[in-house]
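S.K.: quick one, fold the following:
(2 chains)
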Amino acid sequence: AQSVTQPDIHITVSEGASLELRCNYSYGATPYLFWYVQSPGQGLQLLLKYFSGDTLVQGIKGFEAEFKRSQSSFNLRKPSVHWSDAAEYFCAVGLVDMRFGAGTRLTVKP
Amino acid sequence: SQTIHQWPATLVQPVGSPLSLECTVEGTSNPNLYWYRQAAGRGLQLLFYSVGIGQISSEVPQNLSASRPQDRQFILSSKKLLLSDSGFYLCAWMAGSYEQYFGPGTRLTVT
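M.R.: Numbering: from 1, shown residues only, chains lettered A, B, ... in the order given. Below you'll find the predicted structure:
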């Protein structure tokens, strides 16, 4: 069965620092992978997705993610974090029956 | 453009009472529809999904049920609520590109 693990429950970074959020998946075939963000008081929004092709995908708000099949990972990165990036981030795998991870809460220090 | 509506936004219900949460989508036809429950530290738990009218897939055996009486309407129900049913319930629809678009959610507190 497909599943997603986000090892980090909570991460704190300073504004302007780089960010990497980890995601590991389990999927029986070629995975369809997603990152969503849930900002305080706002709904869930898609950041980026990976289906096939280039393993480095670009998303909105300056985020990118890299698919590594050998490590079953799809980590989210951003070179320089802004205070407005404070939110909860969810990794997801699958298509019709999508599975989400437990989420990583990001706090940004001024 | 597509819009997804959920109501009510908040709900406080006593244990043992019934539940009905409604979700409707506008601007698209025959969407895949989803119900998730979000609990702190547990992410989004897929409860039900539907690929068409009357077609419901249940992911978690529980006290809840779902129905899809119309193409763009998805209802989450319970005959008797439990304390453990408290949580934040999200409805979503899936676009052709497999992106999911989420509603604003319903905060359910069972007392």
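
S.K.: quick one, what contacts residue 75?
M.R.: This is for chain A. A:Asn75 makes contacts with A:20-23, A:65-66, A:68, as judged by CB atoms under 8 Å, 6 or more residues apart in numbering or on different chains. Placement of C-beta: from N, CA and C, glycine included.

S.K.: my question was about chain B
M.R.: B:20-23, B:66-69.

S.K.: and the most centrally placed residue in chain B, what are its bridge partners?
M.R.: Centroid-nearest residue in chain B, with CA atoms, centre = their mean: B:Trp35, separated by 3.2 Å. Per DSSP bridges, the residues bridged to B:Trp35 are B:Phe48, B:Cys91.

S.K.: in stretch A:57-67, what's buried?
M.R.: A:57, A:59, A:63-67 (16 or more other CB atoms under 10 Å in any protein chain shown).

S.K.: gap between B:Gly105 and B:Gln2?
M.R.: 17 Å (CB to CB, to the nearest Å).

S.K.: looking at these two, which one has more neighbours?
M.R.: Taking other CB atoms under 10 Å in any protein chain shown, B:Gly105 and B:Gln2 do not tie; B:Gly105 has more neighbours (20 against 12).

S.K.: can you list the residues of chain B near chain A?
M.R.: B:32, B:34, B:36, B:41-46, B:49, B:51, B:57, B:59, B:90, B:92, B:94, B:97-100, B:102-105 (CB under 8 Å from any CB of the partner chain).

S.K.: run the last query once more with 7 Å
M.R.: With the criterion set to CB under 7 Å from any CB of the partner chain, chain B comes near chain A through B:32, B:41-44, B:46, B:49, B:51, B:98-100, B:102, B:104.

S.K.: among the contacts of A:Asn75, which ones are buried?
M.R.: Of these, these count as buried by 16+ other CB under 10 Å: A:21-23, A:65-66.

S.K.: out of those residues, who's near chain B?
M.R.: Counting by CB under 7 Å from any CB, no member of the buried ones among the contacts of A:Asn75 is near chain B.

S.K.: so can I have JSON lines of those residues showing pLDDT?
M.R.: Shown next, in JSON lines, are the buried ones among the contacts of A:Asn75 (pLDDT from 0 to 100):
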{"residue": "A:Leu21", "pLDDT": "98"}
{"residue": "A:Arg22", "pLDDT": "98"}
{"residue": "A:Cys23", "pLDDT": "97"}
{"residue": "A:Ala65", "pLDDT": "98"}
{"residue": "A:Glu66", "pLDDT": "97"}
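
S.K.: mind checking which of those land in strands?
M.R.: Counted as lying in strands by DSSP state E, out of the buried ones among the contacts of A:Asn75, are A:21, A:65-66.

S.K.: still on that earlier bit, and the buried ones among the contacts of A:Asn75, which is closest to A:Phe74?
M.R.: Nearest to A:Phe74 among the buried ones among the contacts of A:Asn75, counting by CB to CB, is A:Cys23 at 4.7 Å.

S.K.: does that closest one touch A:Cys91 like I think?
M.R.: Yes. Contact criterion CB atoms under 7 Å: A:Cys23 and A:Cys91 qualify, at 3.5 Å.

S.K.: between these two, what contacts are shared?
M.R.: A:4, A:6, A:74, A:101 (CB atoms under 7 Å, 6 or more residues apart in numbering or on different chains).

S.K.: burial of residue 90, as a residue count?
M.R.: In the absence of a named chain, chain A is used. Should you count by other CB under 10 Å, A:Phe90 turns out to have 24 residues around it.

S.K.: actually, chain B is the one I wanted.
M.R.: 25.
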